[in-house]
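[1] Predicted structure and sequence below. I'll ask about it afterward.
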Amino acid sequence: MQSWRRKSLWLALLASWLLGLLGIFPLLRLAVPTRPQAGAPQGWPRWLDAELLQSFSQPGELPEDAPQSLQAPHGGSCNWGACFDASKCKRGGFKVFMDPVAGPVSETQLKILASIEGSRYHTVSPTEACLHVLSLDAPAGQCSLVPPEWNEGQNHLVLRLHPASCSWTFQLGQAMVAEASPTVDAFRPGFDVALPLLPETHPFQGGAPGQLQQHSPHPGVALLALAEERGGWRTAGTNSSACPWDGHCDQNHGSEQTHPRASLPNAIFCLIPGPGASHFLQALQAGCIPVLLSPHWELPFSEVIDWTKAAIVADERLPLQVLAALQEMPPTRVLALRQQTQFLWDTYFSSVEKVIHTTLEIIQDRILGVSAHPTLLWNSPPGALLTLPMFSTSPSDFPFYHLQQGSRPEGRFSALIWVGAPGQPPLKLIQAVAGSQHCAQILVLWSNDKPLPPRWPETVVPLIVIKGHRKVSDRFFPYSAISTDAILSLDAHSSLSTSEVDFAFAVWQSFPERMVGFVTWSHFWDEAQGGWGYTAERANEFSMVLTSAAFYHRYYHTLFTYSLSKALRSLADDAPTCVDVLMNFLVASVTKLPPIKVPYGKGHQEGRPPLVPAGLGSEPAPQPLNQDCINQVAAGFGHMPLVSSRLRLDPVLFKDPVSVLRKKYRSLEKP
């Protein structure tokens, strides 16, 4: 009897165990988040709000995607260490040579060639080059032959911006490939470069700005826009439950997409299906958050851009969950994502030139290794193209990241006095600047043929004399003798008091990324001439400050010397009155902000252009404003970056009817 009871008990336990396996364990399995599948593409962003999208099904239980035709990877098992010789780049620097194109040259190839020639990496010598670029953007059937310096593709970059252009008909060997929207199966991470899919009419320089006017959701803007195969968009409001999948949307087709600004989506989220690479840039420009539905192409520049800050990956097989998660996304997250789309569009994708320069910058970062850009510099304004690693690789050394880093610039400045015309040495100016409690050193840049004076005034700070080359651009060279972050740029004819210098420096410390100056100019659009103009007349509105008396960060010297094209630097030397316009363009293009004006005494010469270098006239004489200058500089930049402002910062109690003894900067109000 006891034996029978013992057997019954074991049978009951066994039955309970089987029921647990069949019933309870699947329920537990559905509640536990699943791990990512092995071999998933690494370049795609993660879902940013996973808590809003609970996993109710296993990926294996969903309908399988249609089998994809696998494309053989380019060049077999090539990788950066095996197929690229970086030693040549380290010996001679990162120099790029554009291989000549045989046969007819397309408009896209001309844009690529101009972009490379305008970069600081270009060389005309193929033997000096570290990287050879071969463009395959000719019309189909008109591909160029393999260049004579092919060398089995080593240190070559095969470039193709448009998939409709000709394909390679030769063995790639050890060449890297940079093409638009490559498939994840053919892409070699860390070796190839994924490019955006550009329309044929994509601009060469500048490009259209981002279209986002209000960064936060507001009434009247659709929640969703779904990309259509023919190029348009379908929009839907918040009440459409499964609109993108069953087609019940408000129709807003728009015209065919022939230009990046044509028929941009007006929605908060842009749902892009698998083959939707052509819609991706349109969503970025419109400030519409891309929601990628089970894609099979590599995101552009995924090696350096953190797409988790601007895009979302969802699964089209879970439509109700995706829509619910988008509706419940916090407004702060929506704001951050939309702002990042605008930054990425303006910085890396709005022109062919930016796309090419970003590609070259990625390859240079691979060569530099630990000396390359940190992730923060790639994914935060002003971006990697404007934060040169030759200056620093630490964000705290640049003027743009003090707020993010929780730091402040140092409390000292260097005065750089440019003596470019014959006349008396600026002895009075030196004494006034040296009297500032924040002055660390004075550098006199002597750029004329007149002999140096035998004696200089006694100062409590070091005084260094630098011999220039009689070029206006000399004043913006990154001299190693400059020991502080802040530079006070002065001309020998400038007239400043110690109080003016002290107050202007205090203002600059609060805005280290901007220019802070005393004398201003303003730009305007001249309808009669059909171009830009600028004036030195005093007005409430301004957009430029003269570098004859202005504070700015020393990084702009590095940017001026190594980032500007040769044509723009030559323009400053050939037309000296252009130097102020050029420097203000440079700072405004980086910061997207206007300069700051501070008060000055009557000793200043109102809006006077800089003097020409010595030897061009017996007496220093102001040059008239060259209205062609601003148009030439705008053409060189590809757009108008200047921002107008009416802000002037004054010290406390400035011109108030109180005793002067109560005021900190007393000499500012003296006649």
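    Structure's in. What do you need? Residues are numbered from 1 along each chain as shown.

[2] Quick one, grab the pLDDT at V322.
    At V322, the predicted lDDT confidence score is 87.

[3] Let the chain start at 39 from now.
    Taking 39 as the first residue, the last one we looked at is V360.

[4] hmm, who's touching stretch 399-414?
    Residues from elsewhere that reach stretch 399-414 (C-beta atoms under 8 Å, 6 or more residues apart in numbering): 118, 122, 124, 127-128, 132, 159, 168-169, 195, 214, 228, 231, 339, 341-342, 344, 422-423, 425, 427, 431, 433, 439, 442. All C-beta atoms are positioned from the backbone trio N, CA, C, and that covers glycine.

[5] Return the helix or strand in the chain with minimum mean pLDDT.
    Every helix and strand of the chain was ranked by mean pLDDT, DSSP states H and E. The lowest is helix 63-69, at a mean of 31.

[6] What is the burial count for E187?
    14 (other C-beta atoms under 10 Å).

[7] Could you look up the SS state of it?
    Three-state assignment for E187 (DSSP: H, G, I helix; E, B strand; the rest coil): coil.

[8] dump the residue contacts of the closest residue in space to it that isn't next to it in sequence.
    Counting by C-beta to C-beta, 6 or more residues apart in numbering, E187 lies nearest to P164, which is 5.2 Å off, once chain neighbours are set aside. By C-beta under 8 Å, 6+ apart, the residues touching P164 are 135, 137, 170, 187.

[9] Can you tell me which of those are classed as buried?
    135, 137, 170 (16 or more other C-beta atoms under 10 Å).

[10] JSON lines please, covering the contacts of P164 and showing pLDDT and distance to G569.
    Formatted as JSON lines, the contacts of P164 follow (pLDDT from 0 to 100; distance: C-beta to C-beta, whole Å):
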{"residue": "F135", "pLDDT": "95", "distance to G569": "36"}
{"residue": "D137", "pLDDT": "88", "distance to G569": "37"}
{"residue": "H170", "pLDDT": "94", "distance to G569": "39"}
{"residue": "E187", "pLDDT": "79", "distance to G569": "43"}
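
[11] if we can go back for a sec, from the buried ones among the contacts of P164, which is closest to L685?
    F135 (46.9 Å; C-beta to C-beta).

[12] Next one: that closest one from A349, what distance?
    Going from F135 to A349 by C-beta to C-beta, to the nearest Å gives 35 Å.

[13] got a list of contacts for stretch 480-490?
    Taking C-beta under 8 Å, 6+ apart as the rule, stretch 480-490 contacts 452-460, 463-464, 468, 471-472, 494, 497, 499-509, 512-513, 517, 519-520, 651-653.

[14] hmm, try it at 7 Å
    452-460, 468, 471-472, 497, 499, 501-508, 512-513, 519-520, 651-653 (C-beta atoms under 7 Å, 6 or more residues apart in numbering).

[15] and what of stretch 210-218?
    Contacts for stretch 210-218 (C-beta under 7 Å, 6+ apart): 112-113, 116, 121, 190-192, 194-201, 229-231, 233-236, 397.

[16] Please list the members of those that lie in strands.
    194-198, 231, 233 (DSSP state E).

[17] May I ask which of these comes out lowest in pLDDT?
    R198 (87).

[18] re the thing from before, closest to F623 out of the contacts of P164?
    Looking across the contacts of P164 and measuring by C-beta to C-beta, the closest to F623 is F135, at 29.2 Å.

[19] got any ranges where the stretch 339-488 of the chain has weak pLDDT?
    For the stretch 339-488 of the chain, applying pLDDT under 70 flags the ranges 461.

[20] Would you state the strands of it in chain order?
    Secondary structure of the stretch 339-488 of the chain, counting by DSSP state E, counting those that start in this stretch: strands at 350-352, 451-457, 477-484.

[21] So which of the ones you listed is nearest L261?
    Here strand 350-352 is closest among the strands of the stretch 339-488 of the chain (C-beta to C-beta), at 13.5 Å.

[22] for the closest one, the distance to its chain's centre please.
    Remark: strand 350-352 is offset 24 Å from the chain centroid, using C-alpha atoms, centre = their mean, to the nearest Å.

[23] one step back: mind giving me the PyMOL command for buried ones among the contacts of stretch 480-490?
    Here is the PyMOL command that selects the buried residues among the contacts of stretch 480-490 (16+ other C-beta under 10 Å):
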select buried, resi 452+453+454+455+456+457+458+459+460+468+471+472+499+501+504+506+508+512+513+520+651+652
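
[24] Which of the contacts of stretch 480-490 fall in helices?
    468, 471-472 (DSSP state H).

[25] What is the nearest of the residues you listed to V222?
    V471 (59.5 Å).

[26] how about the nearest residue to the closest one, chain neighbours excluded?
    Once chain neighbours are set aside, the closest to V471 by C-beta to C-beta, 6+ apart is A453, at 4.6 Å.

[27] does the one you found have beta-bridge partners, and which?
    I480, L526 (DSSP bridges).

[28] From K702, how far off is it?
    21 Å.

[29] Now the residue nearest to E187. Its backbone dihedrals?
    Dihedral angles of P164 (phi, psi; degrees, to the nearest 10) stand at phi -70, psi -30.
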